[in-house]
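Colleague: sequence unavailable; structure follows:
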DNA sequence: TGTAAAGTGTTGCAAATGCAACACTTTGTT
DNA sequence: AACAAAGTGTTGCATTTGCAACACTTTACA
């Protein structure tokens, strides 16, 4: 369930958590999970629930950096959470396990066989996160909304590698507009043009790509 | 020198490289270093020289994903290099060491003390890369060129934490425009407006921030 | 040292985009 | 079932931006 602990047995996991000095906390909805946390290097695991990481910049404007669901991992390894201005708010009642980064390479853990699995999981998570960031950057650097949309659809098509030209929208258009950093209404207009120009066809939550 | 091998002695390094089955290749200028490489999971270290990773999308348009210098690390762990459309071109004569990702967790290496240092270095590199990506995303999601510039300058100010309101531009404006994904001439215009509006003052390669 | 290449600053113009406002639909909660 | 909240589609308008073209400066290198 928790990506960081994949392929580690229940028994080993108990031991691992003990060695890592992992501590679990429960949070109500709409709470900043970082308020009582030492923001130095740590990893946080979402055992249940979900959170939203929000950045407030020097001018006071806010952006959602990340939406995180059960099983996912966040913390100072994956985002600039040490920074002032970043807060992580629970979207519902949420349980989070905190691990200090230094514990990840302590002497005791190193002696256990499951350590190598744990490290592999960690590297895999970091790698996947890098890939998601790279893809978003690729999309954000497109000059026009049209290019952003066409590239995004292509990316979804590629990701669901079933050879089909039809993709299914899993996000709302509001979310997509935020992800691509374009105005929602301007994006809706561009989608209309894409339909008119024959690039795409929309049937409910499905989009057929003609390009 | 090589970030991945920091804090590992010369002697240990020789052993480590052997265990990792690291192989070093020399490349001339303007050569695609991935042409003869199995693009499956690998890590590549730039021993000397520099490269540029370029992505050509489905429509044929090209974007520079990354500029990499001596000592830096790239590969399938840090970018979507397995993808078609990505090529890494040497900007000068360059030496690169390749390591297969699977070797990083092989049995033999696990037995050595320096392994933990190696793993720490690797995680640190991945983490730093994630941070650079996060920052760029933060800047790219700003709606206007003005916001992108103001946030970028603030970021540089923060990074060079000497408390001074004066920052030094290390990149060319052309590069900065690409980084922020705005038209160079439009950016130059906006910088002019920022000066006129009293936000910044430019003296040679230095910029004084008044906000 | 001379020449090519890369970078900079400027501007008019057309196109793309954000913003605001609105009506309407869907979803979620009590 | 009833209501609130979130999401969607649309449009006019002002603003921002990209593009193209140009002259000029700086840098690289043979």
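Modeller: Yep, it's here. Computed from a prediction, not measured in an experiment: that's the story for all the values here.
Colleague: test my guess that residue A:70 contacts residue A:51.
Modeller: No: between residue A:70 and residue A:51 there is no contact under Cβ atoms under 8 Å: 10.1 Å. Yep, even glycine has a C-beta here, placed from its N, CA and C like the rest.
Colleague: who has more neighbours out of those two?
Modeller: Between residue A:70 and residue A:51, counted using other Cβ atoms under 10 Å in any protein chain shown, the more crowded position is residue A:51 (26 against 14).
Colleague: these two touch, right, the more buried one and residue A:93?
Modeller: No: applying Cβ under 8 Å, one finds residue A:51 not in contact with residue A:93, separated by 11.1 Å.
Colleague: so which elements touch the one helix or strand residue A:127 maps to?
Modeller: Following DSSP states H and E, the helix or strand that holds residue A:127 is helix A:114-140. Using 3 or more Cβ pairs under 8 Å, 6 or more residues apart in numbering or on different chains; DSSP states H and E, the elements in contact with helix A:114-140 are helix A:10-19, helix A:145-159, helix A:173-180, strand B:62-68, helix B:114-140.
Colleague: wait, does that helix contact DNA strand D?
Modeller: No: using Cβ under 7 Å from any atom of the strand, helix A:114-140 never reaches DNA strand D; the gap is at least 11.2 Å.
Colleague: so what's the gap between that helix and the chain middle?
Modeller: In terms of Cα atoms, centre = their mean, to the nearest Å, the centre of helix A:114-140 is set 10 Å apart from its chain centre.
Colleague: pLDDT weak spots in chain A?
Modeller: For chain A, residues meeting the criterion pLDDT under 70 lie at A:38-39, A:57-62, A:80-83.
Colleague: residues of it that sit close to DNA strand C?
Modeller: Contact residues (Cβ under 7 Å from any atom of the strand) of chain A with DNA strand C: A:143-146, A:181-183, A:185-187, A:189-190.
Colleague: what subset of the residues you listed is also close to chain B?
Modeller: A:143, A:181, A:183 (Cβ under 8 Å from any Cβ of the partner chain).
Colleague: quick one: end-to-end distance for stretch A:92-105.
Modeller: In stretch A:92-105, first residue to last residue: 32 Å (Cα to Cα, to the nearest Å).
Colleague: for stretch A:36-45, same thing?
Modeller: Using Cα to Cα, the two ends of stretch A:36-45 sit 16 Å apart.
Colleague: next: stretch A:188-205.
Modeller: For stretch A:188-205, the end-to-end distance is 14 Å (Cα to Cα).
Colleague: tell me if that stretch is near DNA strand D.
Modeller: Yes: using Cβ under 7 Å from any atom of the strand, we find that stretch A:188-205 touches DNA strand D at A:188-189, A:191-192.
Colleague: now that stretch: buried residues?
Modeller: A:190-191, A:194, A:199-200 (16 or more other Cβ atoms under 10 Å in any protein chain shown).
Colleague: quick one: which of these is nearest to DNA strand D?
Modeller: Closest approach between the buried residues of stretch A:188-205 and DNA strand D, by Cβ to the nearest atom of the strand: residue A:191, at 6.7 Å.
Colleague: circling back to that earlier point, is it possible to export the helices and strands packed on helix A:114-140 to JSON lines including distance to residue A:32 and mean neighbour count?
Modeller: As requested, those are exported to JSON lines (distance: least, Cβ to Cβ, whole Å; neighbours: other Cβ atoms under 10 Å in any protein chain shown):
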{"stretch": "helix A:10-19", "distance to residue A:32": "24", "mean neighbour count": "14"}
{"stretch": "helix A:145-159", "distance to residue A:32": "31", "mean neighbour count": "18"}
{"stretch": "helix A:173-180", "distance to residue A:32": "21", "mean neighbour count": "16"}
{"stretch": "strand B:62-68", "distance to residue A:32": "34", "mean neighbour count": "17"}
{"stretch": "helix B:114-140", "distance to residue A:32": "19", "mean neighbour count": "19"}
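Colleague: residue B:207: which of those is closest?
Modeller: Closest of the helices and strands packed on helix A:114-140 to residue B:207 is helix B:114-140, at 16.0 Å (criterion: Cβ to Cβ).
Colleague: tell me the angle of that closest one relative to helix B:10-19?
Modeller: Relative orientation of helix B:114-140 versus helix B:10-19 (axes from the mean of the first three to the mean of the last three Cα atoms, to 10 degrees): 80 degrees.
Colleague: and helix B:114-140 with helix B:173-180, angle?
Modeller: 100 degrees.
Colleague: break chain A down into its structural domains.
Modeller: Per automatic domain parsing, the structural domains of chain A span A:3-137, A:144-209.
Colleague: need these in TSV with distance to residue B:171, can you?
Modeller: Shown next, in TSV, are these (distance: least, Cβ to Cβ, whole Å):
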stretch	distance to residue B:171
domain A:3-137	17
domain A:144-209	22
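Colleague: among the ones you listed, which comes closest to residue B:164?
Modeller: Closest approach to residue B:164 among the domains of chain A (Cβ to Cβ): domain A:3-137, 16.1 Å.
Colleague: measure the closest one end to end?
Modeller: Domain A:3-137 has an end-to-end distance of 24 Å (criterion: Cα to Cα).
Colleague: just how off-centre is it within its chain?
Modeller: The answer for domain A:3-137 is 11 Å, by Cα atoms, centre = their mean.
Colleague: got the residues of chain A near DNA strand D?
Modeller: Taking Cβ under 7 Å from any atom of the strand as the contact definition, chain A meets DNA strand D at A:143, A:172-175, A:184-186, A:188-189, A:191-192.
Colleague: what is the nearest of the residues you listed to residue B:29?
Modeller: Proximity of the residues of chain A next to DNA strand D to residue B:29 (Cβ to Cβ) peaks at residue A:143, which lies at 29.9 Å.
Colleague: for chain B, see how far away residue A:174 is.
Modeller: Separation of residue A:174 from chain B (Cβ to the nearest Cβ, to the nearest Å) stands at 15 Å.
Colleague: hang on, the earlier thing: how about the buried residues of stretch A:188-205 in TSV, adding secondary structure and distance to residue B:10?
Modeller: Putting the buried residues of stretch A:188-205 into TSV (DSSP: H, G, I helix; E, B strand; the rest coil; distance: Cβ to Cβ, whole Å) gives the following:
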residue	secondary structure	distance to residue B:10
A:190	helix	57
A:191	helix	59
A:194	helix	58
A:199	coil	58
A:200	strand	58
